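Novice: okay, here's the prediction I keep looking at, along with the sequence it came from:
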Amino acid sequence: MSDDEDVPVAKRSKIHYGTLEARLREEESKGAIQAGIESGNISIASGETFDLEEHVSEQRLELLAEFERRKKLRQITVSTDDAQVKAQLRQRGEPICIFGEDKADRRERLRQLLAMIGDDELIRQQDEELEREKKKKEEEQTTWYHEGPDSLKRARLWIAEYSLPRAEKRIQEAKLAKNVPESKRNAKTQELHRHIRSLTAIASQIGDTRPISYCQFSPNSKLLATSSWSGLIKLWSVPELKEIRTLRGHNHNVGAVVFHPQATLSLDDAACCMASCAADGSVKLWNLQSDEPVANIEGHASRVARLAYHPSGRFLGTTCFDMSWRLWDLEAQEEILHQEGHSRAVYSIAFQGDGSLCATGGMDAFGRVWDLRTGRCIMFLEGHLKSVLDVNFSPNGYHLATASEDHSVKMWDLRQRKCVYTIPAHNNIVSGVKFQGSSGDYLISCSYDNTAKVWAHPGWSPLITLAGHDSKIMAVDISNNQQYIATASFDRTFKLWASE
């Protein structure tokens, strides 16, 4: 091998000059930038500063203020209730109505007025409004107690002595019923449900020329009393529905008529066997022999919606549209209790079977349970969305049913002090509710949807729908012998239902 072949060959690095087109574009870009700088289109910071004018034109400030005002207007919410809008305008010293102004213009004027108020002032007014609403709600739940006469104390002691033995007897009967074998209880329940599902209208009668407002069976289940908007009360035989007597005495719509607990049983027919109330505030007592009232109870300034006898028959409870309910001692012939507590008219009333408790329902959508022995409100029934039109105690003593304008029936447990079940009962106002009298094994409700419905207790499952009236049903009742159900309707008729 020669010497030249031993010398290593050096590797040379490659130099890339790029393409000719890229080079030309780079040169053109530099030239364009320089031309822009020279022409003044491209500004190059030179470090020089200029002082801005301290004075900004008033016109620009006004435009900014107008922009902020419009922005604030969009953020302010104003009630759509025209009455509230007028009240807020009056509160701020502004006229509630300007010539040619409609509701929308009035809302816009209030919105502009609120926009002119500072944020702090607006927040303060909102806090005051919330405080007023809170105070109003507290007042609605406040119970007012009137100082009663000495006869009220004696009546409370008498009611305690009357109710305690009855409560003891009820508890003993409940314990005995609990010891009955479950198979027998189930068989009895199934037989009862078969009986209810076979209910049908056995008689229908035109009761008056005006709507029938109320109906109730006599304690012996042989008579049915109906009241009408014509001011008349009529007695009918059961089950023939033949008119026995027409009672005349009211000059306005009669709201309800009820029997004394011992009428047609141990009470003499010449005694006060019935009571009725009317829209003019009158309350009248009747016997079973005369067509005229035997006594008048005076003292109600407003409409009396409902009334109920205490289980003892000695006392009569009435509900009035002056937001109160009254308790009358019929033996002493005086009012012993004038109880407030509802924020609107009191419409319905019911006494517990023992005689110790009273429940009232009002147009304020609330109900209250009162202890007649102490005078205290022991339970506040809050849950309905509209007026409570009827209340009824179960024979077990601790279940209470309420019917409302919100189309529902609610079940309340006095032991748990709460609503335990809500029945979406009807498609319209529920005007009445009634437990079966002896054991409370079922519940019946009536409604302005022209139907009455029977519900199992407990479980609250529907058993049957009683349809047949041409208009809304005003009231419902169950006879003490459990054979008949009566419904009174706005179509001026009442019907008698029984098992086939």
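Specialist: Great, that's in hand. Just so you know, these numbers come straight off a predicted model, no measurement behind them. Numbering: from 1, shown residues only.

Novice: low-confidence ranges, the stretch 201-350 of the chain, go.
Specialist: Across the stretch 201-350 of the chain, nothing is flagged by pLDDT under 70.

Novice: the chain too?
Specialist: For the chain, the stretches with pLDDT under 70 are 1-24, 28-33, 35-57, 72-73, 75, 118-126, 136-146.

Novice: for Met363, give its distance to Tyr421.
Specialist: 24 Å (CB to CB, to the nearest Å). Heads up, the C-betas are built off the backbone N, CA and C, glycines and all.

Novice: buried residues in stretch 342-350, which are they?
Specialist: His342, Ser343, Ala345, Val346, Tyr347, Ser348, Ile349, Ala350 (16 or more other CB atoms under 10 Å).

Novice: quick check: phi and psi at the second one.
Specialist: What that stands for is Ser343. phi -90, psi -10 (degrees, to the nearest 10).

Novice: that one against Met323, yeah?
Specialist: Yes: here Ser343 reaches Met323: they are 6.8 Å apart, a contact under CB atoms under 8 Å.

Novice: find residues that contact each of these two.
Specialist: Counting by CB atoms under 8 Å, 6 or more residues apart in numbering, the shared contacts of Ser343 and Met323 are Gly362.

Novice: sorry, back to before: more crowded one of Met363 and Tyr421?
Specialist: Met363 (20 against 14; other CB atoms under 10 Å).

Novice: quick one, phi psi at that one?
Specialist: phi -70, psi 0.

Novice: what's next to the one helix or strand Gly361 maps to, contact-wise?
Specialist: Using DSSP states H and E, Gly361 falls within strand 357-362. Outside strand 357-362, the residues that touch it by CB under 8 Å, 6+ apart are 317, 319, 323, 325, 327, 341-352, 367-372, 378, 381, 387-391, 393, 400, 402, 414.

Novice: show me what the following helix or strand past it pairs with in its sheet, parallel or antiparallel.
Specialist: Later in the chain than strand 357-362, the nearest helix or strand by DSSP H and E is strand 366-371. Strand pairing for strand 366-371, using DSSP bridges, gives strand 357-362 (antiparallel), strand 377-382 (antiparallel).

Novice: ok, the host helix or strand of Trp497: who's next to it in the sheet?
Specialist: Assessed by DSSP H and E, Trp497 sits inside strand 493-499. Take DSSP bridges as the rule and strand 493-499 pairs in its sheet with strand 199-206 (antiparallel), strand 485-489 (antiparallel).

Novice: okay, these in CSV with mean neighbour count next?
Specialist: Below are the strands paired with strand 493-499 laid out as CSV (neighbours: other CB atoms under 10 Å):
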stretch, mean neighbour count
strand 199-206, 15
strand 485-489, 26
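
Novice: can you put the ones you listed in JSON lines and add distance to Asp291?
Specialist: Formatted as JSON lines, those follow (distance: least, CB to CB, whole Å):
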{"stretch": "strand 199-206", "distance to Asp291": "19"}
{"stretch": "strand 485-489", "distance to Asp291": "21"}
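
Novice: with respect to Glu108, which of those lies nearest?
Specialist: strand 485-489 (49.1 Å; CB to CB).

Novice: is Thr246 in a helix, a strand, or coil?
Specialist: Secondary structure, DSSP: H, G, I helix; E, B strand; the rest coil: Thr246 is strand.

Novice: with Leu113 instead?
Specialist: Under three-state DSSP, Leu113 falls in the helix class.

Novice: Ile196 and Ala452 touch, don't they?
Specialist: No: assessed by CB under 8 Å, Ile196 is found out of contact with Ala452, at 11.8 Å.

Novice: so for Leu463, which of the strands paired with strand 493-499 sits nearest?
Specialist: Short answer: strand 199-206, nearest of those by CB to CB, at 8.8 Å.

Novice: now tell me what touches the following helix or strand past the closest one from outside.
Specialist: As assigned by DSSP H and E, the chain's next helix or strand after strand 199-206 is strand 212-217. By CB under 8 Å, 6+ apart, the residues outside strand 212-217 that reach it are 223-229, 238, 253-259, 474-480, 484, 486-490, 492-494.

Novice: got the angle between strand 212-217 and strand 199-206?
Specialist: Interaxial angle, strand 212-217 versus strand 199-206 (axes from the mean of the first three to the mean of the last three CA atoms, to 10 degrees): 120 degrees.

Novice: in its sheet, what does strand 212-217 sit against?
Specialist: Short version: by DSSP bridges, strand 212-217 pairs with strand 223-228 (antiparallel).

Novice: what's across from the closest residue to Arg197 other than its chain neighbours in the sheet?
Specialist: Of all residues not flanking Arg197 in the chain, Ile464 sits nearest, at 5.2 Å (CB to CB, 6 or more residues apart in numbering). Beta-bridge partners of Ile464, counted by DSSP bridges, are Val454.

Novice: hmm, Ala452 and Ile464 touching each other?
Specialist: No: between Ile464 and Ala452 there is no contact under CB under 8 Å: 9.1 Å.

Novice: give me the more crowded residue out of these two.
Specialist: Ala452 (29 against 18).

Novice: check contacts around the residue nearest to Arg197.
Specialist: Ile196, Arg197, Leu199, Lys453, Val454.

Novice: can you name the two of these that are farthest apart?
Specialist: So, those by CB to CB: farthest apart are Arg197 and Lys453, at 12.2 Å.

Novice: just to revisit the earlier point, the buried residues of stretch 342-350 in strands, which ones?
Specialist: Counting by DSSP state E, the buried residues of stretch 342-350 place Val346, Tyr347, Ser348, Ile349, Ala350 in strands.

Novice: ok, the third one - contacts?
Specialist: Applying CB under 8 Å, 6+ apart, we find Ser348 in contact with Ala305, Arg306, Thr319, Thr360, Gly361, Val388, Leu389, Asp390, Val391.

Novice: what angle do the strand or helix carrying Ala475 and strand 212-217 make?
Specialist: Assigned by DSSP H and E, Ala475 falls within strand 473-478. Per the same axes, to 10 degrees, the angle that strand 473-478 makes with strand 212-217 is 0 degrees.

Novice: show me the beta-bridge partners of Tyr214.
Specialist: Bridge pairing for Tyr214 - DSSP bridges - gives Ser227.

Novice: sorry, that was for Cys419
Specialist: Residues in beta-bridge contact with Cys419 (DSSP bridges): Trp412.

Novice: neighbours of it, how many?
Specialist: 16.

Novice: could I get the full set of helices for this structure?
Specialist: 3-6, 20-39, 58-75, 82-91, 103-116, 119-140, 150-178, 182-197 (DSSP state H).

Novice: for Leu288, find the nearest of those.
Specialist: Each of the helices of the chain has some distance to Leu288 by CB to CB; the shortest is helix 150-178, at 25.0 Å.

Novice: which residues does the residue lying closest to Trp328 once chain neighbours are set aside contact?
Specialist: Once flanking residues are discounted, Trp328 sits nearest to Leu316: 4.6 Å by CB to CB, 6+ apart. Going by CB under 8 Å, 6+ apart, Leu316 touches Ala275, Val283, Ile297, Leu307, Ala308, Tyr309, His310, Leu327, Trp328, Leu330.
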